[in-house]
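# The sequence and its predicted three-dimensional model are supplied below.
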Amino acid sequence: MEDSRNRKADAMSSNALLRSTRRIAAVVVWFLAATTLIAAPAEAGAPCDHPSQAAEEVATFAADRHPLVFVHGWTGKGKELQRSWDAINARMPKTFQARFFDYSNANTEWAASPRVASCLAAYLRAVSKAHHDAGGDGRVFVVAHSMGGLATRFATSQAYTDHPATADLLAGLTTIDTPHLGSPFGNTPEGAVWQWINELKDPDLLPDRNSDALRCLAPHNRTTSLPSGCDLPPYLPSGVPLGQISGDNVVRRTLFGMPLYDIDLRSDGVVGVDSATGYLPQSGPPGASAPRMSNAYVQDVSCTVTTDETMSLLRSFRGGNVPAAIIQAELQAISFLSNDSAVLDQINNGQPGPQLSVMLLVATLVYPCSHGAMRYNPDSIDAVVQSLRDQLRSTPQPKITVLRPFDRAGKLAAGWALDDRTTGTIDCRFASPSPSAVDPGIQECAPVAAEADSCLITPQATTAFCLENPFAPTIVRNAITGQTHTDSPATEFPVPIGIILDDGTTCRRRIGGSWPTTDAKPDYVGYYNCSQGAKFRAVWGPPDGNGITKTESGWIVETGGEHGSLTTHKITEALFVGVA
């Protein structure tokens, strides 16, 4: 009798489970009648003839800030990544200047479209030129969300734009949940239902379900082609650093508050982890060779949410126009433990059925590692910052900048100002060539406290113009004593008067004076002062050098304070002095 009641209860539970999971999936039938557009092959080398008016103006840049371009995904807009930039800038102050590319006028088109790829390439070139015109190196970093990463890949290929973004322009690309291998919800019946529900919550989450963009999002690799007319994204140019960041939601099954087991969805709800980190070796076109990469960073950002928390989040969910019946169906589907076996099977098979589709939809609606939330998730931002730091360090050689504040006649160059503040009379009777000068006529005078190591003595030999701070466009005028000469040769091997490190720190060459030693390496001496405020920080090195180690992979320094360990950094820019 008891067995009979149990079998009856099991049957009722099973029927309820099927009704709950199929309640959403059954809507597929209605959508199968929906038509899809046929994508035309991308026009090879087409120019950008219809740029989005919403793209941020390139404007001007500071030479000592790296350009950082944000590229949105799907049907978003450029400025939606402003919060991402604010979080990055807080973690890496005085390092980048941000710009926001917008292709919202073409958000239903595949990323190969000229209105996406060609316009992005043109925008990146304009940013590069503006930075170069300001005295920078013109190298641009890109952070892209979702399809923005694919758009950047297309923008580097001659086949999709008349003037692609080349390797010498692109300093690095960091992608957040970019479907390098497509999405299980691209070009599938399940995707039609899933997309419909998401449109109710947020119509900007994915492209229209009848669009080329969603149709070409189908799962693919080098052996599985995209639908006809959908071009596979090309590889980046050889040597361009790439960071790949994926969102991964883990459901912790709980019973009366007690944890039972975890279900790793391996997805942000839209893009699977394997796709978001699948650039190499499977994402390129057939026959294409995987490129050499100077730096590859991969980070899976995982969020664990219990089923109890999930139920609470769903009950309190308020978003868009998602019908209460849909939320109720999700609640019922999540509540069945017997549903989990089917979910795990579908995860392992890589084929979302009704059960897994419900889980992924829930993740998209309320989980902290969802496709949309990954743009602002603190752990995701930390991963982006780490990727950018790695890319900064992978830049082989520093930018060389020659500051030319004055001409030989003692006149200020354009853009420079005279600071009438004086450090007092300086003695140039026994002046020597400036250690940082690349031209003759620039001298080093005494005393040390005057920081007069890069001075031009005027033809009257009564005053000297001295560059004290290489990071400000001002010079100081000092009176000089004694008999002096106005000419001197340039040093054979100049050393920078100032350096900028890969974390944005600025350091001024030490002239002399009494400095402490560092506990980490007591035999080292200080060569550059990197102090900010009252905290002492310096570049240290062996006593027979200049603190800079030059290698094939860049110029290296060791920095730190009087106490504690030393940290290795690359020099991104080295400043010298010359005559205008």
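Right, received. Where do you want to start?

# Which positions in stretch 160-176 come out as buried?
160-161, 164-165, 167, 169-176 (16 or more other Cβ atoms under 10 Å). Using the backbone N, CA and C atoms, a C-beta is placed for each residue, glycine as well.

# Now that we have the residues you listed, can you turn them into a markdown table and tack on pLDDT and distance to Ala126?
A markdown table is the format used below for the buried residues of stretch 160-176 (pLDDT from 0 to 100; distance: Cβ to Cβ, whole Å):
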| residue | pLDDT | distance to Ala126 |
| --- | --- | --- |
| Tyr160 | 93 | 18 |
| Thr161 | 92 | 13 |
| Pro164 | 94 | 14 |
| Ala165 | 95 | 11 |
| Ala167 | 87 | 18 |
| Leu169 | 91 | 11 |
| Leu170 | 94 | 14 |
| Ala171 | 92 | 16 |
| Gly172 | 95 | 18 |
| Leu173 | 97 | 18 |
| Thr174 | 98 | 21 |
| Thr175 | 98 | 22 |
| Ile176 | 98 | 24 |
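
# of these, closest to Pro219?
Nearest to Pro219 among the buried residues of stretch 160-176 is Thr175, at 17.3 Å by Cβ to Cβ.

# Just to check, the closest one is in contact with Met147?
No: taking contacts as Cβ atoms under 8 Å, Thr175 lies outside contact range of Met147: 9.9 Å.

# Residue ranges in the stretch 401-550 of the chain under the pLDDT threshold?
421-423 (pLDDT under 70).

# Which residue ranges of it form strands?
Assigned by DSSP state E, counting those that start in this stretch, the strands in the stretch 401-550 of the chain fall at 417-419, 426-433, 442-446, 455-457, 463-466, 474-481, 498-501, 506-509, 525-529, 538-541, 549-551.

# Give me the domain ranges for the chain.
The record, using automatic domain parsing to delimit domains, assigns the chain the ranges 40-394, 405-481, 498-577.

# Out of those domains, which is the most enclosed?
domain 40-394 (a mean of 20; mean count of other Cβ atoms under 10 Å).

# Tell me, please, where in the stretch 51-200 of the chain the pLDDT is lower than the cut-off.
Using pLDDT under 70, the stretch 51-200 of the chain drops low at 54, 185-200.

# What are the boundaries of the helices in it?
82-91, 117-133, 147-155, 189-201 (DSSP state H, counting those that start in this stretch).

# Go ahead and measure how far the third one is from the middle of the chain.
Meaning helix 147-155. 14 Å (Cα atoms, centre = their mean, to the nearest Å).

# contact partners of that helix?
Outside helix 147-155, the residues that touch it by Cβ atoms under 8 Å, 6 or more residues apart in numbering are 42, 70-74, 101, 103, 111-112, 116-118, 120-121, 124, 142, 144, 160-161, 164-165, 173, 175-176, 178-180, 213, 217, 231, 233-236.

# wait, isn't Ala452 in contact with Asn478?
Yes: using Cβ under 8 Å, Ala452 makes contact with Asn478 at a distance of 6.7 Å.

# Distance-wise, check the most centrally placed residue in the chain relative to Leu575.
Most central in the chain under Cα atoms, centre = their mean is Val143, positioned 3.6 Å from the mean C-alpha point. Note on Val143: its distance to Leu575, by Cβ to Cβ, to the nearest Å, is 28 Å.

# Next: Thr506.
For Thr506 relative to Leu575 (Cβ to Cβ), the value is 9 Å.

# residues shared between the contacts of these two?
471, 498-500.

# which one of the residues you listed is nearest Thr223?
For the shared contacts of Thr506 and Leu575, the nearest to Thr223 is Ile500 (45.9 Å; Cβ to Cβ).

# residues contacting that closest one?
64, 398, 506-507, 571-573, 575.

# excluding its backbone neighbours, what's nearest it?
Glu573 (4.2 Å; Cβ to Cβ, 6 or more residues apart in numbering).

# Which elements pack onto the longest strand along the chain?
As assigned by DSSP state E, the longest strand anywhere in the chain is strand 242-255. Contact partners of strand 242-255 among helices and strands, from 3 or more Cβ pairs under 8 Å, 6 or more residues apart in numbering; DSSP states H and E: strand 170-176, strand 258-264, helix 273-276, strand 296-306, helix 307-315, helix 378-394.

# for the shortest one, packing partners?
Looking back up the chat, that one is helix 273-276. Helix 273-276 packs on strand 242-255, going by 3+ Cβ pairs under 8 Å, 6+ apart.

# Report the strands that pair with the strand it packs on, each with its relative direction.
According to DSSP bridges, strand 242-255 forms sheet pairs with strand 170-176 (parallel), strand 258-264 (antiparallel), strand 296-306 (parallel).

# rank these by mean pLDDT and give me the bottom one.
If the strands paired with strand 242-255 are sorted by mean pLDDT, strand 258-264 sits at the bottom with a mean of 91.

# Now do it and helix 307-315, the angle between them.
70 degrees (axes from the mean of the first three to the mean of the last three Cα atoms, to 10 degrees).

# returning to that earlier point: quick check: the residue nearest to Ile500 touching Val402?
No: Glu573 is not in contact with Val402 according to Cβ under 8 Å; the separation is 11.4 Å.

# what secondary structure does Lys570 sit in?
strand (DSSP: H, G, I helix; E, B strand; the rest coil).

# ok, now the one 4 residues further on?
When the structure is reduced to helix, strand and coil (three-state DSSP), Ala574 reads as strand.

# returning to what we had before: report the separation between the residue nearest to the centre of the chain and Asp64.
For Val143 relative to Asp64 (Cβ to Cβ), the value is 20 Å.

# can you check Gly504 too?
8 Å.

# Equivalent analysis for Ser289, please.
Separation of Ser289 from Asp64 (Cβ to Cβ): 37 Å.
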